[in-house]
Structures are given as structure tokens and as C-alpha cells.
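**Student:** Sequence first, predicted coordinates after that:
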Amino acid sequence: MHDNEHVNEIDRVLRGYETGRDGLVSDSWRRCVETYGMDPTRPDPAHIVTDAELRQHREQSERLIATARSGLQALFRQVAGQNYVLLLADAKGVCVDFFGDPRFEDELRRAGLYLGSDWTEDLMGTCGVGSCIVTGEAVTIHQDDHFGLAHTPLSCTAAPIYDTCGQLAAVLDISLLRSPSPKSSQNLAMNLVTASARRVEMANLMAMTRREWVLRFSISPEFLEVDPDAAVALDGSGRIVGMTRGARDCLAQDMPDGPLGRRIDEFMELSVDDLPDLMRGRPTEERVLRLKDGRGMFGHAIAPQAPRQTRLRPAQTLPGGLSSFAGPDPALQQLLDHAARLAPTSIPLLLSGETGTGKERLARAIHMCGPKGRAFHTTRCAGAEPAAFSELVDAKPGTLFLRGVEDLGPQSQAALLDLFEQRDDLRTVASTRTDLATLRDIGALRPDLYYRLAGASLTLPPLRHRRDFGWLLDRLLRCRSGGELRLSAAARADLEGRDWPGNIRELAHVLDVAAALAEGAVIDLPELPRPSATRCDPEAPGTDLEALLEACGWNMARAARRLGVNRSTVLRRMRKAGLAPTN
Ligand SMILES: Nc1ncnc2c1ncn2[C@@H]1O[C@H](COP(=O)(O)OP(=O)(O)OP(=O)(O)O)[C@@H](O)[C@H]1O
């Protein structure tokens, strides 16, 4: 099809003519023009997110990527030699894992079939990943089904992957740079991609619900054990606590809220006490399930694999980004448990900790676990003018993250209080590297503001005190190399022994350098950058604090940054030396 024919067809569809195009594609074209204000003739080059953004996307979907990887590898082997490219995109449309023929790397990158490419519909127009995210269904967007002319050579077939709560978690896409012209040539791709997505959901459900019963079911007894149609996880009372998308479709297609939280006996002639009879050991043909609507299926029950833990909320039940925030460190797990409970409330939060300990990241994770559809506003307090707060009077309701709140000058403190007078729908989460109560006591922070900010306090430990250091190290390394790099024992011991004054930020930079320098699969001592200058102790003899403060215009925060310590240490030392703060 010529370019102007494509543009004319879009125009006709928009004017309500039937052109024989799939309804799903016409709907998407309408969104592209009417909602996103796009123009099909505008060249839309591939949009690849930055390395730092990609790292964030990968970290957020790390568990799913790990689960999906072996499924993707198997699928890639099935289609090897046929020039297919496989993409795993997260729920935001960014490609977080990728399998393609390295010989075509440049061409694939230009076409956006690459790690880090952003395929959201409002950015790239009608496309496999983007339209799958909007509709929640498997789609084939074949050649000139694409909205933008830049993408019309491609053929993309994408299937959604849902998490155990029925939320869209990722999209599996199989694409071709060039394809035969009939759309039906992609039917096999559609079967492959939907079957793979189903298997990834199944593996994810098994991994996430080890402490529950899992009931798998299938219409055909032959496939029950090897490739069942659907599965649910059931708690001890028979309540559905997890499911695959197939289970939702099979049990509760017409229920807007789905089957989650309901008891299995609402849908089947079955109670938890019957589950042992459905375990492997009895012939498949005897393991019949009767659905309430009269349908019959075959069932396979798998007993809980680990005993229930009731004392502390287990790490894997923490919601969203909180679950991947820390590893096996009991104090941090308790902090995250508190964060999860506080997230849905509007209580102001004060997050304390040294620089780079993850306060902003925690603030974002808490926001994500709070009420949906709210905005996240960030204000860096160092140097913030009062206008920065008065402008927020018109901000969308949501979270107001105040970064480094100890650096607020007196006029900005007043402006912030004014803002609070006018807006009670902004939930504040403030981060500080110092002890705010001390600042209040010495008059550097208004007490009325202090009490407005410090509803509940969470203190992040410095990296050198974290008991999950090894976990964090492996996780950051995996995000940088997709599991292809590891540390030698000597390099690991060296990193474990460091002081880390810059905390996780410093560790991340060290690993960036090491990953860039590594020649093989192992990072050894020579690839590790030396530790930054050891921390300067303002109490050490020879440190002329007054001169330093003079040089920093008596700005305690600036002096603390120059020394690599926190502001309360500078304050303590000032008091000891009889030096008075100027504000
Ligand atoms: N739990 C974590 N897992 C992986 N990366 C993390 C984690 N926590 C923090 N990071 C990374 O460490 C860096 C510093 O984190 P962040 O900006 O949240 O720290 P901060 O305490 O707010 O720092 P500052 O006080 O200097 O503003 C960021 O790149 C962040 O992505």
C-alpha cells in the first residue's frame, strides 16, 4: 500500500467509513488522532529510554523477567532461523528483555525492536505492544495496521501477561522486520505467543504462591499435567488468592471484579477438603471438576510447598516496588512492612537516612502502593524559592515529595505552610539526611512545619549496616548485565569491606564502571574503581570547620556535603566549637 493510500484510509476510518480494517485497529487509529493528537505522516523514530530509565524498568519487573526468561528462550528456539524477534515489555510498554538475531542488530534497533524501546500507543501509535496494553487482549498489528508510516513494514503479534491478581504485568511480543503480506501468515505467531504468555503466568503463579494450594485445570486430560489451561491459588479456607488470566476467563468472565477473594465453591462443586483427591497419584481421568454452570474439566491440585508464616508479613506479599526494595534484612523488612501499611493512608511521612540510601526510591514505591491515578510531584528543597511552593497550589492531587527538607530556607518554609493551608489533598513525603528534631530545637526549622511533616518516620540504614548487602549487590549487578556478569570472590570481599559513604548510589556507580571495564564474564579486583576519598571527619584534628563554613557561606548543608557527612554531625561539631548557625 502506498503512503498516501494509508493516510487516506485512516482519514476514511475517522470519518466513519467501513474499510474492512479490523475493529481493534480502527479503534486504535481513532485514539491516535482523537486522543493522542498524532499524525501518521510524521516520522516517528524508535524511542529508546536511557540506560538509567531502562535499569529502573528492569528492576521493577525483575521477578517477572526472571520467570519469563526460560519461557522466552524456549520460544526463541522454536522460531529460530525465521527472523522473528521476541520482546518482553513491562506494563508501561518499555522493552525489558529481548531476543533477536545479533546479525540484524542495527536494523532492529532502528526499527525499535530492541532493549529499552518504548512502545506505548500514545508515543508510537497503533503497534503490537501498545495496542495490547490498551485493550488487554492479544493482538496482531500487521504491516499497514500500524498507524505511523515508519512502522508499516513490521508485523507484530503481542499477548498480555497478567500477574496473579489479574493486573496486566507485561507483554510478550513476537515481531518480524519483513513478513508475507496476508495477515493470516501470523496466526501461528499468535498461537505461540499466547501459549507462551499462559506458561509464564502459570510459572509466576507457582513461584508466588508456594504457601497456598494451587488448582490447575484443563479441558483436555492429556494436557492437564504438562500445559494446563488455567490455575488458581487457594488459601486454607478455599478462597481464591491468585489466578492466571485463563482462570479469570473460565470462571468469571462476566464478573467485573473477577473471582479473586471469592471461594472456589461458588464456581465449582469442590471444597478445600477435596483437593488431596486431585493430587497426582490418581489417574487424570478420575480427577474430574464440575463447574456450577454444568461444564466439566480435569483438575490437578498441588499442595502448599512451604508452611505458612503468620508472624511477619512475608517479603513476597509486600505490594509493588516495596517487595523488591530489600532482601533478607529483618529490620528493613519490618520497615517495609510499616511502609506498606502507611502507603494507602494520607499520613505525612518523614524518610531519614544518609545520602544515597534510597529515600527517594522508597518515596516513589510508597506512592505507587497508594491510591491509584494520583500524581507524584518532586521538589528539591536546596535552593528552592518560595515560588516553587506557591506554584503547587494548582498541582494535581497526589504525593508531594520534598527532597532534602532540611535545606529549606525560612521564606520557603513559610510558603510551604501556606500551601498546606490551601491544599489538604497533597500527601507529603519528605526526605532528610539529618535529624529534623535537632533543627527544630535550634530554631532552623519552624516547629509548626516540623509537626506538619513528621507524621510517621521511617529511617533507612546506611549501606554498611545492611544485612542484605550481598542480595543488593547481586541485584544491581543483574540489572546491569542481565545475569551475564559475576564477581570474583576477591572482588566481592573487597566490596563487602568498604565503608560506602555514598551508599547505594556509590555502589551503583562502582558497578557501572566495573561492568564497563569487564572483559569476560567475571569482574575481578582490577576492574573495581578504588573507594572515593575516605570520609573527612569534621571532629578530626586539623579540620578547620570555621574556615570551611566560611567557604560555604555558613550553609550547613553545603558544608556537610563537602565533608561527606550529614548535617547533624556538622551541627554537633559547631556547637562543640561554640560556632552559631546563621539561619
Ligand atoms: N533498594 C534499592 N535497589 C536498587 N537501587 C536502589 C535502591 N535504593 C536506592 N537505589 C538507587 O540508589 C540511588 C540513590 O537512591 P535515592 O536517590 O533514592 O537516594 P536518597 O536517599 O534519596 O539520596 P539523597 O539523600 O542523596 O537525595 C538511585 O540510583 C536509586 O535508584
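**Tutor:** Thanks, I have the structure now.

**Student:** okay, CA-based contacts and neighbour counts for the rest of this
**Tutor:** Will do.

**Student:** How about the residues of the stretch 251-400 of the chain by the ligand?
**Tutor:** Within the stretch 251-400 of the chain, the positions adjacent to the ligand are 325-326, 355-361 by C-alpha under 6 Å from any ligand atom.

**Student:** Identify those among those residues that sit within helices.
**Tutor:** Under the assignment DSSP state H, these contribute 359-361 to helices.

**Student:** now those residues in CSV, with pLDDT and neighbour count?
**Tutor:** Listed next are these as CSV, based on pLDDT from 0 to 100; neighbours: other C-alpha atoms under 10 Å:
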residue, pLDDT, neighbour count
Lys359, 96, 25
Glu360, 95, 19
Arg361, 93, 14
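
**Student:** residue ranges with poor pLDDT in this protein?
**Tutor:** For the chain, the stretches with pLDDT under 70 are 1-2, 43-45, 60-61, 306-317, 532-544, 547-548, 550-553, 558, 561-564, 580-583.

**Student:** returning to what we had before: may I see the residues of the stretch 251-400 of the chain next to the ligand arranged in JSON lines, with distance to Leu487 as well?
**Tutor:** Shown next, in JSON lines, are those (distance: C-alpha to C-alpha, whole Å):
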{"residue": "Phe325", "distance to Leu487": "22"}
{"residue": "Ala326", "distance to Leu487": "20"}
{"residue": "Thr355", "distance to Leu487": "26"}
{"residue": "Gly356", "distance to Leu487": "23"}
{"residue": "Thr357", "distance to Leu487": "23"}
{"residue": "Gly358", "distance to Leu487": "23"}
{"residue": "Lys359", "distance to Leu487": "27"}
{"residue": "Glu360", "distance to Leu487": "28"}
{"residue": "Arg361", "distance to Leu487": "26"}
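
**Student:** residues contacting whatever residue of the stretch 201-350 of the chain ends up closest to the ligand?
**Tutor:** Taking C-alpha to the nearest ligand atom, the ligand has its nearest neighbour within the stretch 201-350 of the chain at Phe325, 4.0 Å off. Neighbouring residues of Phe325 by C-alpha atoms under 8 Å, 6 or more residues apart in numbering: Leu362.

**Student:** could you redo the last one with a cut-off of 10 Å?
**Tutor:** Phe325 sits next to 59-60, 315, 318, 332-333, 336, 358, 361-362, 365, 472 when contact means C-alpha atoms under 10 Å, 6 or more residues apart in numbering.

**Student:** quick one, what contacts Val33?
**Tutor:** For Val33, the contacting residues are 10-11, 14, 39-40, 122, 125, 147, by C-alpha under 10 Å, 6+ apart.

**Student:** Give me the buried stretch members for the longest helix belonging to the chain, please.
**Tutor:** Criterion DSSP H: the longest helix present in the chain is helix 187-208. By neighbour count on 16 or more other C-alpha atoms under 10 Å, the buried set for helix 187-208 is 189-190, 192-206, 208.

**Student:** just how off-centre is it within its chain?
**Tutor:** From the chain centre to the centre of helix 187-208 is a distance of 20 Å (C-alpha atoms, centre = their mean, to the nearest Å).

**Student:** on contacts alone, who are the packing partners of the helix or strand following it?
**Tutor:** Once helix 187-208 ends, the next helix or strand along the chain (criterion: DSSP states H and E) is strand 213-218. Where contact means 3 or more C-alpha pairs under 10 Å, 6 or more residues apart in numbering; DSSP states H and E, strand 213-218 is packed against helix 187-208, strand 230-234, strand 240-243, helix 245-252, strand 288-290, strand 296-302.

**Student:** okay, these in TSV with distance to Leu115 next?
**Tutor:** Compiled in TSV, these are given as follows (distance: least, C-alpha to C-alpha, whole Å):
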stretch	distance to Leu115
helix 187-208	19
strand 230-234	30
strand 240-243	29
helix 245-252	26
strand 288-290	43
strand 296-302	36
